[in-house]
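# Predicted model, plus sequence, below.
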Amino acid sequence: MPLIIHGDSVPNLPWQPKPAGCPDVIWRYDANPIIDRRPLPQATGIYNSAVVAFEGKFVGVFRTEYKDRMPHLHVGWSEDGLSWSFSPTEIEFICADAEIAQREYGYDPRLTRIGEDYYVTWCNGYHGPTIGIARTRDFKTFEQLENAVLPYNRNGVLFPRQINGKYAMLSRPSDTGHTPFGDIFYSESPDLTYWGKHRHVMAKGLAWWQDKKIGAGPSPIETSEGWLLFYHGVAETCNGFVYSTGAALLDLDQPWKVLYRTNQAILMPEAPYELTGFVPNVVFPVTSLVDAATGRVALYCGAADTVTSLAFCQVEELVAFIKAHSRV
C-alpha cells in the first residue's frame, strides 16, 4: 500500500530538489545558512528554533542568544520560510501564576499545532532546566501554562494530536551535569498540566554517533507506517561533542514502542557553518515542515550553536531508508 502522510498541504514549502548524484537520503540547501548570527543588534546567534506554516506564510519562535550568552525567545516572520524578520524584543508570556512566570532563560523551542492552538515547548529555566509550555493563536499573545516536568529535563516535544484521548510528549530527563542520562521518554496528560504514564522510548548508545545522549527533534510526523521522528544523537570524542541527526518510526498507538531506528546518522556536521561556530560540530534538527500532498520535508536545524540552516528530504524515501537501515 502507498504510504499516507497525515497533515496539511503546504504548497509554498521551502524546497530544493536533490542534487544530481547525491548519495544521501537528506540534502542541504545550497544557500545555507538562512539565518546568520547577527540579524538583531543584540544577538550573537539565532539557532535551534521552531517554525510553522501560518496563514499562507511562516512564523517561528527563535532561540536568540544575547552578547551575555543568555538565551531568549523571539518571534520571527517570513513570507517564504527563507528570509526572516524578527521582533526586536523577546516574548512576554501571559501567566496567571507569578511563581511560574519567573523565568531564568528560555531556549531550544519547538512549535506544534494541535487543533486551533499552536503550542510552544521550550527548555525553561526554573531552578534548572525544565519544559515550559505556552499556547497562542496569533503569535502575538502567548499564554504560559504550567511547566510540564521537574528539573532537570530538555527537548520537550508535543505530538500533533491527542493519542488515546491524551496529550502526548517526548522529553529527555537529565541530571545537574551535561545530560548524562541521555534517553528519550514518553509522557501523557489529560489537560497539559498533570503529566504521567511515563514510558521509556529510546536509549543512547545504539551506535557511536549517539553514545553520549539523544533527544527528540521536531514534532513527530504521522504516517501510515508510524510516527516519523527526527532526533539528535551526540558522540563524545577526544575533541568534544559531535551532534548529528537520526530518524526513527514509532508505533502510532503506543509511541514508546520503537518500530525502526536508523543504525547510522542521516545528517552529520560536514558543512563549514556546522563545523565552525560557538559550539563546533553541531547539526541540531528542530523543525520539520511537511507538505502532505507531495511528501516533501523542509528540516530546519541549528548549526554550531550559531546559525540556522535548512535541509530537505522526501518522507517516502526516508521511511524506506529507516526500515532498510534499522537497529532497535
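Happy to help now that I have it.
# helix/strand/coil for G81?
Classification of G81 using DSSP: H, G, I helix; E, B strand; the rest coil returns coil.
# Oops, could you answer that again for E317 instead?
For E317, the assignment made with three-state DSSP gives helix.
# so how many other residues sit close to it?
The number of residues packed near E317 is 15, by other Cβ atoms under 10 Å. All C-beta spots, glycine's among them, are computed from the backbone N, C-alpha and C.
# That one - nearest residue in space that isn't next to it in sequence?
V25 (5.9 Å; Cβ to Cβ, 6 or more residues apart in numbering).
# Isn't the one you found up against F321?
Yes - taking contacts as Cβ atoms under 8 Å, V25 lies within contact range of F321: 4.4 Å.
# Need the residues touching each of those two.
Here V25 and F321 have I266 as joint contacts, going by Cβ atoms under 8 Å, 6 or more residues apart in numbering.
# In contact with L259, which residues?
Going by Cβ under 8 Å, 6+ apart, L259 touches 225-226, 248-251, 328.
# Now it: which helix or strand?
Using DSSP states H and E, L259 falls within strand 258-261.
# can you count the residues close to the closest residue to W27 other than its chain neighbours?
Closest residue in space to W27, ignoring its immediate chain neighbours: K18 at 5.3 Å, by Cβ to Cβ, 6+ apart. When neighbours are counted by other Cβ under 10 Å, K18 registers 15.
# what's the answer for A248, then?
Counted with other Cβ under 10 Å, residues neighbouring A248 total 24.
# in which helix or strand would I find it?
When secondary structure is defined by DSSP H and E, A248 falls within strand 240-250.
# for the stretch 51-200 of the chain, what spans make up the strands?
57-66, 71-78, 85-86, 106-114, 117-125, 129-136, 143-144, 153-158, 167-173, 184-189, 196-202 (DSSP state E, counting those that start in this stretch).
# Same question for the stretch 201-328 of the chain.
Using DSSP E, counting those that start in this stretch, strands in the stretch 201-328 of the chain cover 213-216, 221-223, 226-237, 240-250, 258-261, 283-291, 296-303, 307-314.
# okay, and for the stretch 101-250 of the chain, where does confidence drop off?
Within the stretch 101-250 of the chain, the ranges that satisfy pLDDT under 70 run 178-179.
# Tell me which residue lies nearest the centroid of this protein.
V286 (2.5 Å; Cα atoms, centre = their mean).
# I'd say that one and L111 touch.
No - under the criterion of Cβ under 8 Å, V286 is not in contact with L111, lying 9.1 Å apart.
# Tell me the residues that contact both of those two, please.
Contact with both V286 and L111 is made by residues A50, according to Cβ under 8 Å, 6+ apart.
# Count the residues that sit near V61.
Neighbours of V61 using other Cβ under 10 Å come to 27.
# List the strands paired with the strand holding L259, with their directions.
If you go by DSSP bridges, strand 258-261 pairs up with strand 240-250 (antiparallel).
# Please spell out which residues along the strand it pairs with are buried.
With burial defined by 16 or more other Cβ atoms under 10 Å, the residues of strand 240-250 counted as buried are 242-250.
# repeat for stretch 166-184
By neighbour count on 16+ other Cβ under 10 Å, the buried set for stretch 166-184 is 166-174, 179, 182-184.
# Equivalent analysis for stretch 196-209, please.
201-202, 204, 206-207, 209.
# Compile those into JSON lines and extend it with columns for distance to R37.
Below are those laid out as JSON lines (distance: Cβ to Cβ, whole Å):
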{"residue": "V201", "distance to R37": "33"}
{"residue": "M202", "distance to R37": "32"}
{"residue": "K204", "distance to R37": "30"}
{"residue": "L206", "distance to R37": "33"}
{"residue": "A207", "distance to R37": "31"}
{"residue": "W209", "distance to R37": "26"}
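# R135 contacts F142, doesn't it?
Yes - R135 is within contact range of F142, at 7.3 Å (criterion: Cβ under 8 Å).
# Mutual contacts of the two, please.
By Cβ under 8 Å, 6+ apart, R135 and F142 have these common neighbours: V120.
# quick revisit: just the buried residues of stretch 166-184 now: which is nearest W195?
The closest of the buried residues of stretch 166-184 to W195 turns out to be M169 (Cβ to Cβ; 7.0 Å).
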